[in-house]
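Undergrad: Model the following, please.
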Amino acid sequence: MAGVSTPAMAAAVSNAGGLGSIAVGAVDAATAREMIAAVRDRTDRPFNVNLFVHSPARSRPDIEAQWLVALEPLFGQFGGNSPASLREIYRSFAEDDAMLAMLTATRPAVVSFHFGLPQPWRIATLKAAGCILLASVTSLAEALAARAAGVDMLVAQGFEAGGHRGTFDPDAPDDRLGVMALTRLLVEQAGLPVIAAGGIMDGRGVCAALDLGAVAAQLGTAFIGCPESSADAAYRAALFSPTAHTVMTRAISGRPARCLANRFTRWGADTARPPPDYPIAYDAGKALNQLARTHGESGYGAHWAGQGVSLARALPAAQVVATIGVEMEQASAGH
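TA: Numbers count the residues shown, from 1 in each chain. Next up is the predicted model:
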């Protein structure tokens, strides 16, 4: 998850025998290069670099103005005003030539796509650089598109997953397939190796994914509580709260995402006003969270988490990997 993964955590996971990952979708090419170098300073093992490939945001001044008016009372409770205007806070890999050039120069072992697929020539360029390519998909149609585009493996993102929903078109109907149904469907019909993702938090969950035919499992929320993650104290407190539960919301960023329920998600559930395009809406969400935090309020943060949040553990990343391995052995022995 962008904003949570760090080079230290990615390296620790890879050193422990997993495939660590860093999310660079919300940073520019220069910062991504520094993050890749920081991982390589800590490990000589393979790791994944995750990219956002959303459709570039459309500026819609009327929608943006109405959204800012709707947010005004939230800013006002902290003595502030909503921003005068909004901007696209980061670029999609679909149009980021500098990021592509950096990746072909640094040649990470694995590159993964979220929100969609880059143009065929970008995929061909990365493959020529020796990168193994993964694409997050939420349906069979998306999986078949990824296979046709030349992707090597599929990440089956179930509706349980934390963070942003990986649908290629966030405005299209979503069957909201869970990880079990989606994994089996893709294993049987997609024609590529499948990595299961969504709500998997421990070794038994990984074994269940493998039993469904997946070649691996991808875990995100399971690592938020690690000391190597960049989650702040408020995020960690919400993660380990005995009442922690998650909801899907568009309010924070403009795109469906699973988040720990908080003041912002409750406000979003009560407003019928459509947000601006992702990530333009996120500009407002980040500004509101920053203002609220200066007043000691953490209930407007993007505290992404999956439905398995209550199984989270506050352990070092390497220990999480080792514990999952032990749990897998125990689960296999119990069969």
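Undergrad: In contact with Trp267, which residues?
TA: Leu74, Ala251 (CB atoms under 8 Å, 6 or more residues apart in numbering). To be clear about C-beta, it is placed using only N, CA and C from the backbone, and glycine gets the same treatment.
Undergrad: Could you identify the helix or strand that succeeds the one helix or strand it maps to?
TA: Using DSSP states H and E, Trp267 falls within helix 263-270. Once helix 263-270 ends, the next helix or strand along the chain (criterion: DSSP H and E) is helix 280-294.
Undergrad: Quick check: buried residues in that next one?
TA: Residues of helix 280-294 classed as buried by neighbour count (16 or more other CB atoms under 10 Å): 280-289, 291-293.
Undergrad: Output the contacting helices and strands for that helix.
TA: Contacts defined by 3 or more CB pairs under 8 Å, 6 or more residues apart in numbering; DSSP states H and E place helix 280-294 against helix 61-76, helix 263-270.
Undergrad: now these as CSV including distance to Ser85?
TA: Below are these laid out as CSV (distance: least, CB to CB, whole Å):
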stretch, distance to Ser85
helix 61-76, 7
helix 263-270, 20
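Undergrad: how about those, which one is nearest Ala109?
TA: Comparing these against Ala109 with CB to CB, the closest turns out to be helix 263-270 (36.1 Å).
Undergrad: and that closest one, which residues are buried?
TA: Arg263, Phe264, Thr265, Trp267, Gly268.
Undergrad: Quick check: which ranges of the protein have low pLDDT?
TA: Along the chain, segments meeting pLDDT under 70 span 335.
Undergrad: Tell me where it has helices.
TA: 7-15, 29-42, 61-76, 97-106, 120-128, 140-149, 179-189, 203-211, 233-239, 263-270, 280-294, 317-333 (DSSP state H).
Undergrad: any idea which of the ones you listed is most buried?
TA: helix 7-15 (a mean of 24; mean count of other CB atoms under 10 Å).
Undergrad: Now tell me what touches it from outside.
TA: Helix 7-15 is contacted from outside by 19-22, 35-36, 38-39, 41-43, 45-48, 223, 226, 228-229, 316-318, 321, using CB under 8 Å, 6+ apart.
Undergrad: Ala314 and Phe240 touch, don't they?
TA: Yes - shown here, Ala314 and Phe240 form a contact pair, counting by CB atoms under 8 Å, at 6.8 Å.
Undergrad: For these two, list the residues in contact with both.
TA: Shared contacts of Ala314 and Phe240 (CB under 8 Å, 6+ apart): Gly225.
Undergrad: Show me which of these two is the more surrounded one.
TA: Remark: of Ala314 and Phe240, Phe240 carries more neighbours, 15 against 12, as counted by other CB atoms under 10 Å.
Undergrad: and the more buried one, what does it touch?
TA: Gly225, Ala312, Ala314.
Undergrad: Any chance of the backbone angles for it?
TA: As for Phe240, its main-chain torsions (degrees, to the nearest 10) stand at phi -100, psi 10.
Undergrad: measure it to Ser310 for me?
TA: 9 Å (CB to CB, to the nearest Å).
Undergrad: so Ala318 sits right up against Gly20, yeah?
TA: No - with contact defined as CB under 8 Å, Ala318 does not reach Gly20; the gap is 10.3 Å.
Undergrad: which residues touch Gln157?
TA: So Gln157 contacts Ser136, Val137, Thr138, Arg165, Gly166, Val179, Leu182, Ala197, Gly198 (CB under 8 Å, 6+ apart).
Undergrad: Could you list everything it pairs with in the sheet?
TA: Applying DSSP bridges to Gln157 gives these bridge partners: Ala197.
Undergrad: do you know how far Ile22 is from Gly268?
TA: Distance from Ile22 to Gly268, counting by CB to CB: 28 Å.
Undergrad: actually Pro274, not the one I wrote
TA: 11 Å.
Undergrad: ok, Leu212 - contacts?
TA: Per CB under 8 Å, 6+ apart, neighbours of Leu212: Met180, Thr183, Arg184, Val187, Ala196.
Undergrad: Check those and tell me the two furthest apart.
TA: Counting by CB to CB, the most remote pair of these is Met180 and Val187, 11.0 Å apart.
Undergrad: where's the most centrally placed residue in the chain relative to Pro274, distance?
TA: In the chain, the centroid-proximal residue (CA atoms, centre = their mean) is Met1; its distance is 3.8 Å. Noted for Met1: a distance of 25 Å to Pro274, by CB to CB.
Undergrad: No more questions from me, cheers.
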